[in-house]
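Undergrad: What follows is a predicted protein model with its sequence.
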Amino acid sequence: MTARTIRPGQTWLDTNGNRIQAHGGSIFHQDGVFTWYGENKEHTTPGSGNWHWGVRAYTSSDLVNWEDRGLIIPPVLDDPDSPLHPAQSMDRPHIIYNELTGKYVCWLKIMNKDDTQASTVLTADTLLGPYDIVRSGLRPLGMDAGDFDLVVDPATKKAYYYFEKVHTDTICADLTDDYTDVTGEHSVHFPHPGPPFNREAPAYFTRDGRHYLVTSSTTGYFPNPSEFASATDFHGPWTVLGDAHPGDPSRTSFHSQISSVFQHPTKKDLYIALADRWLPQLPDDIPNVFDAVAARMQGRPMPEVSGGADLVEMMALANGENTAIADYVWLPIRFDGDRPFIDWIDEWSPEDFESLQEG
C-alpha cells in the first residue's frame with residue numbers, strides 16, 4: 001500500500017513492510033531519485049554486542065515511500081579489528097560526490113574501545129557501492145573526531161568537514177581535492193567545557209547566501225535541545241540563533257536528534273530536518289536531560305522521574321537500549337526572515353509545498 005504522508009515519530013516501513021534502517025542518515029539526490037542511507041541497526045538489540053550491521057540505503061521518488069536497496073557498506077564479520085565489524089561503534093555515514101575523481105566518498109565516525117574517536121574513509125564508483133576503504137584510523141588535525149557533516153560548495157567544488165572535536169569544540173576543516181583527507185586549514189567554533197554543554201551532531205545547510213548549522217548537546221542517546229547558528233562564510237564566525245524547537249516545552253527537540261538537513265531540489269524553500277528518535281520507549285514527560293545534568297554538576301536537586309528513577313543513571317543505561325526499534329522525526333524547517341524554526345506537525349507531505357518555477 002502506497003503511503004501519502006510522513007508521520008514524525010511513527011514507525012516507518014519500507015515498501016516491503018519492514019522497518020526502515022537508515023539511522024544517523026542523510027539523503028542524496030541524483031537524476032530524480034532520492035537515496036536515503038544510514039546506519040543499519042536491525043541487529044542492535046540488548047546483549048547482542050552489535051553496534052551496527054553496515055550501512056543500508058533506500059530509494060524513493062517522493063520521499064515518503066522507500067524501496068530497500070540493501071547494504072551498500074556491509075559489516076565485516078571475520079575481522080574484529082576492522083572498523084566495519086559489528087562490535088565497532090560506527091556512526092553517521094556521510095557521502096559526497098567528487099566531480100574531479102568521479103568517486104563517491106563516504107566518511108564514517110568510529111568510536112574506538114580505548115575511548116578515542118577516528119574516521120574511516122571509503123570510495124566507490126557508484127552511489128550504491130561497492131565501497132573500498134582508503135583510510136582508517138584517521139585523526140584529522142591530530143584530533144579525536146566525533147559527529148560530523150560533509151559539505152561541497154556547488155560553485156567551487158571545494159569540500160568542508162564539520163566535526164565535533166570530542167567533548168570540546170566544533171571544527172570546520174578544508175578537505176583535500178580528492179575529499180579523502182584534511183588539508184590542515186581549519187577554524188574552531190562553539191567552545192564549551194564538555195558534556196552536556198558542548199555541541200555535537202553538526203548538520204549544515206545554506207539558504208539565500210547564508211550558512212547554517214544545527215547542533216545538539218551531548219547526552220548520549222537521550223534527547224536534548226538543538227540549537228541553530230548562522231554565518232556568512234563556511235568558516236564563520238558563527239552567530240548562535242537559539243533553540244531550534246522553541247515550541248517544544250520539554251526542550252528535547254521533540255525527543256529526537258537531527259542527523260542532517262536536506263534541501264528539496266524542486267520544492268520552494270523546503271528544507272527537511274532528518275532526525276532519529278533513538279529511544280521511542282522513553283515516557284513523554286521525561287525531564288530535560290540537559291537541565292538534569294547541569295543540576296547535578298552544580299549540586300542542585302535533580303528533576304523527578306516517574307517511579308523515582310535517577311535520570312543520569314537512566315542515561316548511562318541507555319547505551320544498551322534497543323536501537324533496532326528507533327524511529328524517525330522528519331520535519332520541515334520554517335523561516336521567519338533569516339531565522340529558522342522547527343515546528344511539530346503530526347502528518348505532512350512534500351507534495352504540499354510549492355514547486356519551483358522552471359526557467
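TA: Sure thing, it's come through. Numbers count the residues shown, from 1 in each chain.
Undergrad: Tell me how many other residues crowd the nearest residue to I27 once chain neighbours are set aside.
TA: Nearest residue to I27, sequence neighbours excluded (CB to CB, 6 or more residues apart in numbering): F262, at 4.4 Å. All C-beta atoms are positioned from the backbone trio N, CA, C, and that covers glycine. Applying other CB atoms under 10 Å, we find 21 residues neighbouring F262.
Undergrad: got it, and Y104?
TA: Count around Y104 with other CB under 10 Å applied: 22.
Undergrad: quick one: average pLDDT of the helix or strand in which the residue nearest to I27 is found?
TA: In this structure, F262 sits in strand 257-263 according to DSSP states H and E. Averaged across strand 257-263, the pLDDT comes to 98.
Undergrad: quick one: low-confidence parts of the chain?
TA: Scanning the chain for pLDDT under 70 picks out 1, 289-291, 293-294, 296-297, 302-320, 357-359.
Undergrad: For stretch 133-146, measure first residue to last.
TA: End-to-end span of stretch 133-146 (CA to CA, to the nearest Å): 19 Å.
Undergrad: what about that stretch, distance to the chain center?
TA: Relative to the centre of its chain, stretch 133-146 is centred 18 Å away, using CA atoms, centre = their mean, to the nearest Å.
Undergrad: name the helices or strands packed onto the stretch of helix or strand Y37 belongs to?
TA: Following DSSP H and E, one finds Y37 within strand 33-39. The contact analysis (3 or more CB pairs under 8 Å, 6 or more residues apart in numbering; DSSP states H and E) places strand 33-39 against strand 23-30, strand 55-60, strand 89-98.
Undergrad: all strands of the stretch 51-200 of the chain, in order?
TA: Secondary structure of the stretch 51-200 of the chain by DSSP state E, counting those that start in this stretch: the strands cover 55-60, 67-73, 89-98, 103-111, 117-124, 132-138, 145-152, 159-165, 170-175, 182-189, 200-207.
Undergrad: quick one: D62 and K267 touch, right?
TA: No - using CB atoms under 8 Å, D62 is not in contact with K267; the gap is 11.2 Å.
Undergrad: Tell me the buried residues in stretch 324-342?
TA: For stretch 324-342, burial by neighbour count (16 or more other CB atoms under 10 Å) applies to 324-333, 340-342.
Undergrad: now these in CSV, with distance to R251?
TA: Below are these laid out as CSV (distance: CB to CB, whole Å):
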residue, distance to R251
A324, 27
I325, 24
A326, 20
D327, 19
Y328, 20
V329, 15
W330, 20
L331, 16
P332, 21
I333, 18
P340, 17
F341, 14
I342, 13
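Undergrad: from these, which ones fall inside strands?
TA: D327, Y328, L331, P332, I333, P340, F341, I342 (DSSP state E).
Undergrad: buried ones in stretch 100-108?
TA: Buried residues in stretch 100-108, counted by 16+ other CB under 10 Å: K103, Y104, V105, C106, W107, L108.
Undergrad: Check stretch 117-126 too.
TA: Buried residues in stretch 117-126 (16+ other CB under 10 Å): Q117, A118, S119, T120, V121, L122, T123, A124.
Undergrad: go on, stretch 72-92?
TA: Neighbour-count burial for stretch 72-92 flags 72-76, 82-86, 88, 90-92 (criterion: 16+ other CB under 10 Å).
Undergrad: In a strand, E351, correct?
TA: No - E351: not assigned to a strand; according to DSSP: H, G, I helix; E, B strand; the rest coil it is helix.
Undergrad: Count the neighbours of it for me.
TA: Neighbour tally, E351, other CB under 10 Å: 12.
Undergrad: Who's the closest spatial neighbour of it, skipping the chain neighbours?
TA: Take E351 and drop its neighbours on the chain: the residue closest to it by CB to CB, 6+ apart is D62, 7.3 Å away.
Undergrad: So what does the one you found look like in phi/psi?
TA: Dihedral angles of D62 (phi, psi; degrees, to the nearest 10) stand at phi -130, psi 0.
Undergrad: still on that earlier bit, please identify which of the strands of the stretch 51-200 of the chain is closest to P223.
TA: strand 200-207 (11.2 Å; CB to CB).
Undergrad: between the closest one and strand 89-98, what angle do the directions make?
TA: Interaxial angle, strand 200-207 versus strand 89-98 (axes from the mean of the first three to the mean of the last three CA atoms, to 10 degrees): 20 degrees.
Undergrad: Dump strand 200-207 to CSV, keeping only the CA atoms.
TA: Only the C-alpha atoms of strand 200-207 are listed here, as CSV (Å, rounded to 0.1, in the frame of the first residue of the first chain):
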residue,chain,number,x,y,z
GLU,A,200,27.7,17.7,18.6
ALA,A,201,25.9,16.3,15.6
PRO,A,202,26.5,19.3,13.3
ALA,A,203,24.1,19.4,10.3
TYR,A,204,24.9,22.0,7.6
PHE,A,205,22.6,23.8,5.1
THR,A,206,22.6,27.0,3.2
ARG,A,207,19.8,29.4,2.2
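Undergrad: Give me the angle between it and strand 159-165.
TA: Counting by the same axes, to 10 degrees, strand 200-207 lies at 150 degrees to strand 159-165.
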